[in-house]
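Student: Model the following, please.
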Amino acid sequence: MAKSSIKVRAKVKKGEAKVKCLISHPMETGLRKDKKSGKLIPARFIQEVVCEHSGKTVMNAQWNATISKNPFLSFVFTGAKKGDAIKISWVDNTGKSDSTEAQLK
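Tutor: Numbers count the residues shown, from 1 in each chain. Predicted coordinates for the structure are as follows:
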């Protein structure tokens with residue numbers, strides 16, 4: 001199995017889960033030129049990030065080309081307990097995607 005582009009840390013305290021994610025992605029705007037060829041580098045950016053807990057979506061982010069390279073995302077949701085699993089996934093404008101699962105600590 002290939003290494004995921006998503007690193008996740010998730011902790012629960014009093015039923016509230018705090019999730020932190022670091023996503024490795026180039027996030028190209030399509031406006032920058034290649035230094036050698038002088039041609040524009042094609043746009044490639046994450047469009048959607050989703051977090052699921054117990055089969056329900058607890059976070060859905062719609063992004064565009066304005067988000068920086070290797071974005072960091074942090075959010076909180078309620079109704080979680082230690083040992084629960086969460087799934088984080090993303091899809092970019094070229095159709096590529098990745099996902100990972102993590103256990104709440």
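
Student: Let's see the strand or helix carrying Val76 as CSV, backbone CA atoms only.
Tutor: Element membership for Val76 (DSSP states H and E) is strand 72-78. Only the C-alpha atoms of strand 72-78 are listed here, as CSV (Å, rounded to 0.1, in the frame of the first residue of the first chain):
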residue,chain,number,x,y,z
PHE,A,72,-2.7,22.3,7.2
LEU,A,73,-6.3,21.9,8.4
SER,A,74,-7.6,21.8,12.0
PHE,A,75,-11.2,21.4,13.1
VAL,A,76,-13.3,20.2,16.0
PHE,A,77,-16.5,18.1,16.2
THR,A,78,-18.6,16.7,19.0
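
Student: State the mean pLDDT of the helix or strand following that strand.
Tutor: Going down the chain from strand 72-78, the next helix or strand is strand 85-92, by DSSP H and E. Computed over strand 85-92, the mean pLDDT rounds to 97.

Student: again with stretch 57-74
Tutor: Rounded mean pLDDT across stretch 57-74 is 96.
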